[in-house]
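Novice: Requesting a structural model of the entry that follows:
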Amino acid sequence: MEDIHRILEALQQCRQRSVLATITRVEGSAYRKEGASMLLFKDGTQVGVLSTGCLEADIAARVPELLAAGVPHTYTFDLEAADPLSWGEGPGCGGVIQVTAVVVGDSLRRHLLMLKDYLDDQIEVMLILKNSADPRASGYSLVTSSGHRFGEWPGTFPEALRDWATAQMGRRSGMQIVPGDAEEVFLHTFFPKPRLTLFGAGPDAKPLASFAAAAGFTVTVADWRAALCDRSFFPDAHTLLDGFPEETAGQIRWTPNDYVVIMTHHFRRDRDLIRILSGHNLAYVGLLGSKRRTQRLLEGGSLPEHWHAPVGLPIGADGPEEIAISIVAELIQVYRTFRKRRLSNETT
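Specialist: Model (predicted):
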């Protein structure tokens, strides 16, 4: 998923000086779009990517001068030219990419960790970045979906801008003209990590938890068998819950950003979970097992919307690892489809 989550985790763990680089404008084609970010530490460590390698080395070479100057700077990389003497030795990507680099000082670091807290609480946050040739006129604000604002803004932050930004939440990232103002600002919405809960800690849950975490999901594993629901089996899981379905499901604050796979291999427990989860608005629920078993579980009823059975994309998967790959692929497909549908609805 989005690199911002790994970036925020790195900032939380390391206090070394760093630069945050963000794509703020794209003309033509590019590997990453507006809003993609990477963090570059003073020692050369990098978190996140902006391209397939076309930009990173050049930006990394500029880190010492950026840290010395301490002010934001915007760079433009023209990847359209096929001339081998052009910038980037003619990578042929076909786009013009604008990258804004900002030194992560104490204030920005504090605000980025506040951003992490909101995202961890499943709250969307919009970045408003004002970049000017005069550093004193540059600044940023972060506005939550509930309208709370924090950041460093030059002068008084207009209330009308906060209301407008809140209304833009989730829309396409990029440079936009603020109503009533001739100056452009960059807008980008940060989304919480999608959460995946696995009910069942059998052997087939291990690769699924690992692959899903690598793909960017926050993974919870729940099972009433403590010997199975153990950290040694699920090192990549964020949370392990020990208990029966009615106990563990009651401990989770379900949201439309939640994804669930039911894989207990226990008929009665699966039926309990279907009953419990049917009352929640979830992004995705997958049932492991054959169509015949699913029909027995449903007792002749039909699956609720956004439920998937059999779980996973039909790739002919065989064995725990291949089945896990098919499930993660379907999770990503549902996640991206939802994001595109929401963007389409909000921009019409």
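Novice: From here on, just use CA atoms for contacts and neighbour counts.
Specialist: Noted.
Novice: residue boundaries of the helices in the stretch 101-250 of the chain?
Specialist: Secondary structure of the stretch 101-250 of the chain by DSSP state H, counting those that start in this stretch: the helices cover 106-120, 159-167, 205-214, 245-248.
Novice: Now mean pLDDT, mean neighbour count and distance to residue 323 too, for those, in JSON lines please.
Specialist: Below are these laid out as JSON lines (pLDDT from 0 to 100; neighbours: other CA atoms under 10 Å; distance: least, CA to CA, whole Å):
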{"stretch": "helix 106-120", "mean pLDDT": "96", "mean neighbour count": "17", "distance to residue 323": "29"}
{"stretch": "helix 159-167", "mean pLDDT": "79", "mean neighbour count": "15", "distance to residue 323": "40"}
{"stretch": "helix 205-214", "mean pLDDT": "97", "mean neighbour count": "21", "distance to residue 323": "8"}
{"stretch": "helix 245-248", "mean pLDDT": "94", "mean neighbour count": "17", "distance to residue 323": "23"}
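Novice: TSV for the ones you listed, including distance to residue 235?
Specialist: Shown next, in TSV, are the helices of the stretch 101-250 of the chain (distance: least, CA to CA, whole Å):
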stretch	distance to residue 235
helix 106-120	20
helix 159-167	38
helix 205-214	8
helix 245-248	19
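Novice: low pLDDT regions in this structure?
Specialist: Counting by pLDDT under 70, the chain contains low-confidence ranges at 80-94, 180-182, 342-348.
Novice: any idea how it splits into domains?
Specialist: Following automatic domain parsing, one gets these domains for the chain: 4-190, 195-340.
Novice: quick revisit: of the helices of the stretch 101-250 of the chain, which approaches residue 198 most closely?
Specialist: Residue 198 lies closest to helix 205-214 among the helices of the stretch 101-250 of the chain, at 7.3 Å (CA to CA).
Novice: and that closest one, what other elements does it pack with?
Specialist: In terms of contacts (3 or more CA pairs under 8 Å, 6 or more residues apart in numbering; DSSP states H and E), helix 205-214 is packed against strand 195-199, strand 218-223, helix 320-347.
Novice: rerun that using 10 Å as the cut-off
Specialist: Under the contact definition 3 or more CA pairs under 10 Å, 6 or more residues apart in numbering; DSSP states H and E, helix 205-214 sits against strand 195-199, strand 218-223, strand 258-262, helix 320-347.
Novice: So residue 22, which state does it fall into?
Specialist: What DSSP: H, G, I helix; E, B strand; the rest coil gives for residue 22 is strand.
Novice: Which strand residues bridge it?
Specialist: residue 37, residue 100 (DSSP bridges).
Novice: Could you count how many residues lie near it?
Specialist: 21 (other CA atoms under 10 Å).
Novice: again with residue 290
Specialist: Residue 290 has 11 nearby residues by other CA under 10 Å.
Novice: so it sits right up against residue 309, yeah?
Specialist: Yes. Assessed by CA atoms under 10 Å, residue 290 is found in contact with residue 309 at 7.6 Å.
Novice: Give the buried residues for stretch 121-139.
Specialist: In terms of neighbour count (16 or more other CA atoms under 10 Å), stretch 121-139 has its buried residues at 122-132, 138-139.
Novice: how about JSON lines for these, with distance to residue 220 added?
Specialist: Output for the buried residues of stretch 121-139, formatted as JSON lines (distance: CA to CA, whole Å):
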{"residue": "122", "distance to residue 220": "15"}
{"residue": "123", "distance to residue 220": "19"}
{"residue": "124", "distance to residue 220": "21"}
{"residue": "125", "distance to residue 220": "24"}
{"residue": "126", "distance to residue 220": "27"}
{"residue": "127", "distance to residue 220": "29"}
{"residue": "128", "distance to residue 220": "33"}
{"residue": "129", "distance to residue 220": "34"}
{"residue": "130", "distance to residue 220": "38"}
{"residue": "131", "distance to residue 220": "40"}
{"residue": "132", "distance to residue 220": "44"}
{"residue": "138", "distance to residue 220": "41"}
{"residue": "139", "distance to residue 220": "38"}
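Novice: In strands, which of the residues you listed appear?
Specialist: 125, 126, 127, 128, 129, 130, 139 (DSSP state E).
Novice: For the last one, list each beta-bridge partner.
Specialist: Using DSSP bridges, the beta-bridge partners of residue 139 come out as residue 130.
Novice: Quick one: end-to-end distance for stretch 6-25.
Specialist: One end of stretch 6-25 to the other measures 22 Å (CA to CA, to the nearest Å).
Novice: Any idea how far that stretch is from the middle of the chain?
Specialist: 15 Å (CA atoms, centre = their mean, to the nearest Å).
Novice: who wins for proximity to residue 44 among the helices of the stretch 101-250 of the chain?
Specialist: helix 106-120 (18.3 Å).
Novice: between the closest one and strand 125-130, how many degrees?
Specialist: Here the directions of helix 106-120 and strand 125-130 differ by 150 degrees (axes from the mean of the first three to the mean of the last three CA atoms, to 10 degrees).
Novice: Just list what helix 106-120 packs against, helices and strands only.
Specialist: Looks like helix 106-120 contacts helix 4-13, strand 125-130, strand 139-144, strand 149-152, strand 184-190 (3+ CA pairs under 10 Å, 6+ apart).
Novice: Sweet, I'm off.
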